[in-house]
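Peer 1: starting from these lines, generate the structure:
(2 chains, ligands or ions: 1)
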Amino acid sequence: MRCARPFAPLALLTLQDCAGVQSAFDPSGAEAERINVLSWLLILSSVAVLVAVCLITAGALFGSERWRARISGERLVIGGGLVLPILVLSILLSYGFYLMGPGSPAGRADGRLRVEVVGERWWWRVTYVDESGRRVESANEIRLPVGRPVGVELTSADVIHSFWVPRLAGKLDMIPGRTNSLTLQATKAGISRGQCAEYCGGAHAFMSFYVIAMPEDQFAAWLEQEAGDAQIPTGADETAGQTLFLSSGCIACHSVRGTEARGTIGPDLTHVGSRHSLAAATLENDVSAFARWIRDGEHVKPENLMPPYDIFTEAELAQLSSYLDQLR
Amino acid sequence: MKEPAPQPVREPPVASAILFLLTGPILWAGHLTLVYAFQSVTCAIGAFPSAATVIPAFVALATLVAAMVLLVAIWAPGRLTRYRSERGENQTFLRAVSRLLSVLSLTGVLWTGSAAFALDACGRLR
Ligand SMILES: [Cu+2]
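Peer 2: Now for the predicted structure:
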C-alpha cells in the first residue's frame, strides 16, 4: 500500500483500503494518475501551511521578544499574504491552462473506438462504436484496451446520473438531452469499479459497474465475440430455459441477438453470462445469482424496474438460469 | 451619583468601513460575474458565429476596465469609496489593508482575464 502509511490509524477510519478496486488513491488510468498527484500535492501543501500557521501562532503566544517582533512585522504579511499565494496560484493556474489547453496531454481519444454510455434507472446501457461505425450493444460493464485513449460519450435516458470510475478518471454528470465526453485511458490491465455518483432515486446505491482493461489483442478478440449473436443452447435444460425466456414476457424488455428477443427497455442480455457481475454490479455472476435475481430482484435491489417473477417453479427457474448463464 | 460616561470617539458606520476595505474584492467579484455570465450565455445560446473573437474581446475589455479601476483603488484608496476614521492609526491600518486586498484582487482579475487567451472560447469540459 503506497499511501498514508504514517497515518495508518486515520487511514483505517477514512480510506479503509487505499488499494481497492474503487480507490482514487490506486490509479490505473492516465487522468486518475494526474488527479492522484494533484491530490497529494494539495494535501501535503495544506499540511505544510497548517503547520506553518500553528508555528507562527505558537511563536506569537509563547515566543521570545525577538520572535514576536519578527512576526508582527509587515514582512510576514506581504510575504505570506501576497507574494506566496500569488506565486503558488500562478503556478497552479498555468498548470491548469496547460491541462485544458490545446497542447494538453490529457489524451484526446484517437477516434478508433468510441463508447456510448447511457445512464438508466438503475443500470448502464453501453454501446461500442468501432472505426467502421459498427455498433455493439452491451450493458453494465465496460471493457477497454490498455493504453489507448478511448472517447466515452455520456448521456442519460431519464434523470441526472453521474459516471465515476475513481481508478480511471474524474467524475462526469450524465444529463438528459446532453452529451458529455470523457476520455478514458487505462494504463494497466485489470479491473476497476465504477459507481453512479449523483443520487438518482431508489436503487441509486446499487447502480455500479466494472471496467475491465485488457491488452489490445485480447480486447480485439473480445469485441469480435461481443459483436456476435448469442450462443445457441445445446443442453436440454438450457434449451428448455430458452423456451421459457422467449415465452414468459422477458423479450418485451430484453434483447438476445440471434433470437426473437428484441426488447430495448432493459439491458441487452446477448452475452450476459460473460459479464463480471449482474444487475449493475449488485450480484456476482453465476447460475444461482440469475435465479435469485429473477425471483427475488426486489429484495436484491429494492425498487429496480424489472418486475418480480414468482411464476416459475424451482425446476423452471433452474432451466432459465442455466440458459442465461451460458449466454457467454 | 454616576459620573457622565466619557464621550466615545465618533466613528462612521461599520458598513462604510467594510465597503472601504472590500473595494478590491467587490470589483473582482463584479468582474468575474460579468465575464463568466457573458461567456456562458454566449456559448450556451450560440449567439455569435464568431464567439471565438467576440468572447476574448469582451473579456479583454472588461479586464482592462476593471484593472484600471483597481489601480485607482491601489494608488489612492479613498477615491472610490470614502472612509474617514477619527483615530489616526486606524486610518493608516485600514488604508494598508484596503490596498493589500486591492492588489490581490487585481491579480485575480488579470488571471481571470488571461483564461480568455489561453483556452478555447467555448471549449467543452472534458
Ligand atoms: Cu445514481
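Peer 1: contact residues of the stretch 101-250 of chain A facing the ion?
Peer 2: A:161, A:196, A:200, A:204, A:207 (C-beta under 5 Å from the ion). For every residue, glycine as well, the C-beta is placed using N, CA and C.
Peer 1: these in helices, which ones?
Peer 2: Using DSSP state H, the subset of these located in helices is empty.
Peer 1: pull the most distant pair out of those residues.
Peer 2: Between any two of those, the greatest separation by C-beta to C-beta is 8.4 Å, found for A:His161 and A:His204.
Peer 1: the two: who's more crowded?
Peer 2: A:His161 (29 against 17; other C-beta atoms under 10 Å in any protein chain shown).
Peer 1: spit out the contact partners of the more buried one.
Peer 2: Residues near A:His161 by C-beta atoms under 8 Å, 6 or more residues apart in numbering or on different chains: A:119, A:173-174, A:196, A:198, A:200, A:207.
Peer 1: roughly how far apart are it and A:Ile191?
Peer 2: Using C-beta to C-beta, to the nearest Å, A:His161 is found at 21 Å from A:Ile191.
Peer 1: now swap in A:His204 and tell me
Peer 2: Distance of A:His204 to A:Ile191, computed by C-beta to C-beta: 22 Å.
Peer 1: likewise for A:Gln242?
Peer 2: Separation of A:Gln242 from A:Ile191 (C-beta to C-beta): 30 Å.
Peer 1: those two: who's more crowded?
Peer 2: A count of neighbours by other C-beta under 10 Å puts A:Gln242 above the other of A:Gln242 and A:Ile191, at 23 against 14.
Peer 1: element containing the more buried one, please.
Peer 2: Using DSSP states H and E, A:Gln242 maps to helix A:236-247.
Peer 1: where does the stretch 1-150 of chain A get nearest to the ion, residue-wise?
Peer 2: Using C-beta to the ion, the closest approach of the stretch 1-150 of chain A to the ion is made by A:Trp122 at 6.7 Å.
Peer 1: leaving out the residues flanking it, which one is nearest to A:Ala60?
Peer 2: With sequence-adjacent residues excluded and distances taken as C-beta to C-beta, 6 or more residues apart in numbering or on different chains, A:Ala60 is closest to A:Ile71, at 5.3 Å.
Peer 1: thinking again about what came up before, so what sits against both of A:His161 and A:His204?
Peer 2: Taking C-beta under 8 Å, 6+ apart as the criterion, A:His161 and A:His204 both touch A:Cys196.
Peer 1: quick one: low-confidence ranges for chain B?
Peer 2: For chain B, the stretches with pLDDT under 70 are B:1-11, B:47-48, B:85-89, B:124-126.
Peer 1: in it, which spans are helices?
Peer 2: B:14-21, B:23-45, B:51-75, B:88-118.
Peer 1: packing partners of the first one?
Peer 2: In terms of contact count using 3 or more C-beta pairs under 8 Å, 6 or more residues apart in numbering or on different chains; DSSP states H and E, helix B:14-21 is assigned the packing partners helix B:88-118.
Peer 1: the helix or strand harbouring A:Val211 pairs with which strands?
Peer 2: For A:Val211, the element it lies in under DSSP H and E is strand A:208-214. Each strand paired with strand A:208-214, and its direction, by DSSP bridges: strand A:141-145 (parallel), strand A:190-196 (antiparallel).
Peer 1: that older thread, near the residue nearest to A:Ala60, how many other residues are there?
Peer 2: Neighbour count for A:Ile71, taken as other C-beta under 10 Å: 15.
Peer 1: now do B:Ser50
Peer 2: B:Ser50 has 9 neighbours, counted by other C-beta under 10 Å.
Peer 1: also the one 10 residues further on?
Peer 2: For B:Ala60, the number of neighbouring residues by other C-beta under 10 Å comes to 15.
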